[in-house]
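Engineer: What follows is a predicted structure for the sequence shown.
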Amino acid sequence: MNEQQNPSRQNIFPMSPSKIAAFHYADFPLLLRPKSRYPLSKFSLLRDAVLRQGLLPSSQVFVAPDPGEHELLLAHSKAYIESVKSGSLSLAAQREIGFLWSDSMWIRGKRIVGAMLANIDSALSYGCAFSLGGGAHHSHREYGKGFCIFNDIAVGALSLSVRFPKMKIAILDCDVHQGEGTAEILRGVFSVCTISIHAERNFPFRKEKSSLDIALDDDAEDHEYLEAVDSALQFLRKSAQPDFLIYVAGADPFFEDSLGRLSVTAHGLEERDRRVFLLAQELNIPISVCFGGGYCLPIEKTIKLNLQTLRVAKEELAHASLESSNPMQPN
């Protein structure tokens, strides 16, 4: 494949769900601040649940690779990268990120990006892939924020734009918090469209401008949320017309999420996911999925929603594969 051209769409969809791969960084710890609300256990529990429930075999679940610093430089300044690497982050900067500095911050931050880059490569080959975590959309070019060290979404999108200059890339961010870091980093990158569906009065309190922002009032329920999703999908169809979709399938719009402020049910999130995967098939484009936020107590409720997203992907891809193998015959 010529790296200067778009990858062909001809053999992406429909595809077999048996080709879906997932990438995790569950074995790389963090040093949390006292009384932190960051659900560190979620990532190993999610990986284990994917394997235990047989959603993916162990041969399709991989440890995230370690990316090079040159890949981080696609989205972040050299000064910021060096401050995370060397531990020269100020206490204020550490508070802004939400973690205490240790070597593990550097190691884990890179692996989150590595998961996304591997996810994208797999999606290019097989149509759909997952990061079992990721979605670090609050990280800006010059600083981290809100439990986000390096912005895996922005690095992934920029890596695609470098490899395939003609490719149109869309980011559909359905985390309940606006992806202001992603919007800031990608502002002016005309090959990338950023869409955010979020709670208007939730963190971050200083928003950035995405290509399309859909801000919802507190306690928005399923019908309002799915109207917003449909508006975003129509924007993708008519305006963005992407060749590749990065989907942040946040679980935190869920009504029981401790940091959410919306009132979306599990059924509403399932329907959101289904519509997004159907759109990817309709447009015949690869879709790279990460999970973003989720802060239910207990965290197993969030994990159940993440597993639901993976299950919906497998169902829709299996359905598309069945239709392809049994084409409708003329009368």
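Structural biologist: Received the coordinates, thanks. Worth saying up front: this structure is predicted, and the values here are computed from it rather than measured.
Engineer: tell me what the helix or strand where G156 lies is packed against?
Structural biologist: Assigned by DSSP states H and E, G156 belongs to helix 152-163. When contacts are defined as 3 or more CB pairs under 8 Å, 6 or more residues apart in numbering; DSSP states H and E, helix 152-163 sits against helix 69-72, helix 103-126, strand 169-173, helix 180-186, strand 192-199, strand 244-248, strand 287-290. All C-beta atoms are positioned from the backbone trio N, CA, C, and that covers glycine.
Engineer: Mean confidence (pLDDT) on the first one, please.
Structural biologist: Per-residue pLDDT values across helix 69-72 average out to 97.
Engineer: what angle do the next helix or strand after that helix and helix 103-126 make?
Structural biologist: Downstream of helix 69-72, the next assigned helix or strand under DSSP H and E is helix 78-86. Taking axes from the mean of the first three to the mean of the last three CA atoms, to 10 degrees, one finds helix 78-86 and helix 103-126 inclined to each other by 120 degrees.
Engineer: what's the helix or strand bottoming out on mean pLDDT in the chain packed up against?
Structural biologist: The least trusted helix or strand in the chain, going by mean pLDDT, DSSP states H and E, turns out to be helix 300-325, with a mean of 87. When contacts are defined as 3+ CB pairs under 8 Å, 6+ apart, helix 300-325 packs onto helix 42-52, strand 128-131, helix 266-283.
Engineer: and H177, what element?
Structural biologist: Using DSSP H and E, no helix or strand contains H177.
Engineer: from memory E180 sits against E208, does it?
Structural biologist: Yes. Checked against CB atoms under 8 Å, the pair E180 and E208 is within contact range at 4.0 Å.
Engineer: Those two - which one has more neighbours?
Structural biologist: Set E180 next to E208 and count neighbours by other CB atoms under 10 Å: E180 wins out with 25 against 19.
Engineer: Now do the contacts for that one.
Structural biologist: Contacts for E180 (CB atoms under 8 Å, 6 or more residues apart in numbering) come out as 137-138, 140, 204, 206-208.
Engineer: just to revisit the earlier point, please export the C-alpha coordinates of the helix holding G156 as PDB.
Structural biologist: Below are the C-alpha coordinates for helix 152-163, written out as PDB (Å, rounded to 0.1, in the frame of the first residue of the first chain):
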ATOM      1  CA  ASP A 152      -3.700   9.300  22.600                       C
ATOM      2  CA  ILE A 153      -6.600  10.400  20.400                       C
ATOM      3  CA  ALA A 154      -4.700  13.400  19.000                       C
ATOM      4  CA  VAL A 155      -1.500  11.400  18.500                       C
ATOM      5  CA  GLY A 156      -3.400   8.800  16.700                       C
ATOM      6  CA  ALA A 157      -5.200  11.200  14.400                       C
ATOM      7  CA  LEU A 158      -2.000  13.100  13.600                       C
ATOM      8  CA  SER A 159      -0.100   9.800  12.900                       C
ATOM      9  CA  LEU A 160      -2.800   9.000  10.300                       C
ATOM     10  CA  SER A 161      -2.600  12.400   8.700                       C
ATOM     11  CA  VAL A 162       1.200  12.100   8.400                       C
ATOM     12  CA  ARG A 163       1.000   8.600   6.900                       C
END
